[in-house]
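K.L.:
sequence and predicted structure are below.
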Amino acid sequence: MAASVELRKIVKSYGDLEVVHGVDLTIEPGEFVVFVGPSGCGKSTLLRMIAGLEPITGGELLIEGERINEVPAAKRGIAMVFQSYALYPHMSVYQNLAFGLETAKMPKPEIRAKVQKAAQILRIEPLLDRKPKQLSGGQRQRVAIGRAITREPRIFLFDEPLSNLDAELRVQMRVEIAKLHNDLGNTMIYVTHDQVEAMTMADKIVVLSAGNIEQAGAPLDLYNKPANLFVAGFIGSPK
Ligand code: ADP
Ligand code: MG
């Protein structure tokens with residue numbers, strides 16, 4: 001079976017400044033992969049390139065064995081959830097969930113069914129008539145995840161989705177996202193700067209620093225056998 005996502009010598013430059021320096025990474029179908037690393041190391045840039053929101057400067061990006069460097073975002077079968085939720089403020093929760101499907105000209109009853117199903121999974125059915133400003137941070141993030149689910153993507157990308165939530169809610173949402181992964185079985189790539197999130201959620205952790213992968217592996221392998229002091233420091237293991 002082809003890898004779900006494969007990065008081959010991926011490079012990203014903004015003007016003259018190279019910020020991702022030839023990253024190689026293979027992600028298997030159904031893997032929950034967590035990107036960690038300090039602010040500015042290129043986590044969001046990598047996700048945005050995979051999503052098709054940012055052009056790739058060099059290298060090859062493959063999804064399920066197919067090179068997709070030039071495939072537009074809408075055709076990649078990838079849904080991304082952002083830290084800032086990115087909900088439409090003037091639309092109800094229902095409309096936020098339905099919007100992408102309406103744009104794709106899906107029949108109304110089918111849209112309704114998909115929205116109901118996503119709302120049920122995220123337990124936001126009682127909120128469907130509200131506007132985003134009438135929701136708590138946790139509820140907004142549930143809607144954002146629900147919107148990703150309605151698109152039935154092959155791959156989910158999460159860019160620090162819990163950073164705006166308080167500690168208690170973060171723990172709760174962590175469990176819910178892990179359950180979602182368990183139930184749906186999709187490949188998921190999750191960016192965080194929170195080591196606990198990485199250690200508890202990941203099948204595979206990818207530690208990045210300044211546009212390079214320092215180490216990639218199972219959480220316990222990184223913890224027990226960090227490749228260098230940077231990884232040891234970041235994962236929190238003694239060395
Ligand atoms: P992270 O998500 O790990 O915090 P980013 O991927 O956002 O890091 O950024 C990686 C590097 O690329 C940083 O040095 C950042 O300043 C730079 N960068 C990100 N977006 C842009 C942009 N649109 N234009 C120029 N530089 C950018
Ligand atoms: Mg970022």
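P.N.:
Thanks, I have it. Ligands and ions are numbered 1, 2, ... in the order given.
K.L.:
let me see the ranges of the strands in this protein.
P.N.:
Applying DSSP state E to the chain gives strands spanning 5-14, 17-27, 32-36, 58-63, 66-67, 78-82, 155-159, 187-191, 204-209, 212-217.
K.L.:
in the second one, what counts as buried?
P.N.:
The reference is to strand 17-27. 19, 20, 21, 22, 23, 25, 27 (16 or more other CB atoms under 10 Å). Every C-beta, even on glycine, is put in place using the N, C-alpha and C of the backbone.
K.L.:
turn those into TSV, including pLDDT.
P.N.:
Formatted as TSV, the buried residues of strand 17-27 follow (pLDDT from 0 to 100):
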residue	pLDDT
19	98
20	98
21	98
22	98
23	98
25	98
27	98
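K.L.:
ok and the helix with the most length in the chain relative to strand 32-36, angle-wise?
P.N.:
In the chain, taking DSSP state H as the definition, the longest helix is helix 167-184. Put simply, helix 167-184 runs at 140 degrees to strand 32-36, going by axes from the mean of the first three to the mean of the last three CA atoms, to 10 degrees.
K.L.:
which residues are in contact with helix 167-184?
P.N.:
32, 121-122, 137-138, 141-142, 145, 149, 158, 161-162, 165, 188, 190, 194, 197, 200-201 (CB atoms under 8 Å, 6 or more residues apart in numbering).
K.L.:
pLDDT weak spots in this structure?
P.N.:
Scanning the chain with the threshold set as pLDDT under 70 gives 237-239.
K.L.:
tally of neighbours for the residue of the chain found nearest ligand 2?
P.N.:
Nearest residue of the chain to ligand 2: residue 44, at 3.1 Å (CB to the ion). A count of nearby residues for residue 44, using other CB atoms under 10 Å, gives 19.
K.L.:
for the longest helix of the chain, C-alpha coordinates in CSV please.
P.N.:
Backbone C-alpha positions of helix 167-184 (Å, rounded to 0.1, in the frame of the first residue of the first chain) are rendered in CSV as follows:
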residue,chain,number,x,y,z
ALA,A,167,-5.9,23.9,30.3
GLU,A,168,-8.9,21.9,31.4
LEU,A,169,-10.7,22.1,28.0
ARG,A,170,-7.4,21.3,26.2
VAL,A,171,-7.2,18.0,28.0
GLN,A,172,-10.9,17.2,27.2
MET,A,173,-10.5,18.1,23.5
ARG,A,174,-7.3,16.1,23.3
VAL,A,175,-9.3,13.0,24.3
GLU,A,176,-12.0,13.9,21.8
ILE,A,177,-9.6,14.3,18.9
ALA,A,178,-8.0,11.0,19.8
LYS,A,179,-11.4,9.4,19.8
LEU,A,180,-12.2,11.0,16.4
HIS,A,181,-9.0,9.5,15.0
ASN,A,182,-10.0,6.1,16.5
ASP,A,183,-13.5,6.2,15.0
LEU,A,184,-12.7,7.6,11.6
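K.L.:
need the buried residues of strand 17-27 in JSON lines (columns: distance to residue 58).
P.N.:
Below are the buried residues of strand 17-27 laid out as JSON lines (distance: CB to CB, whole Å):
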{"residue": "19", "distance to residue 58": "12"}
{"residue": "20", "distance to residue 58": "9"}
{"residue": "21", "distance to residue 58": "10"}
{"residue": "22", "distance to residue 58": "7"}
{"residue": "23", "distance to residue 58": "10"}
{"residue": "25", "distance to residue 58": "15"}
{"residue": "27", "distance to residue 58": "19"}
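K.L.:
perfect, I'm done here.
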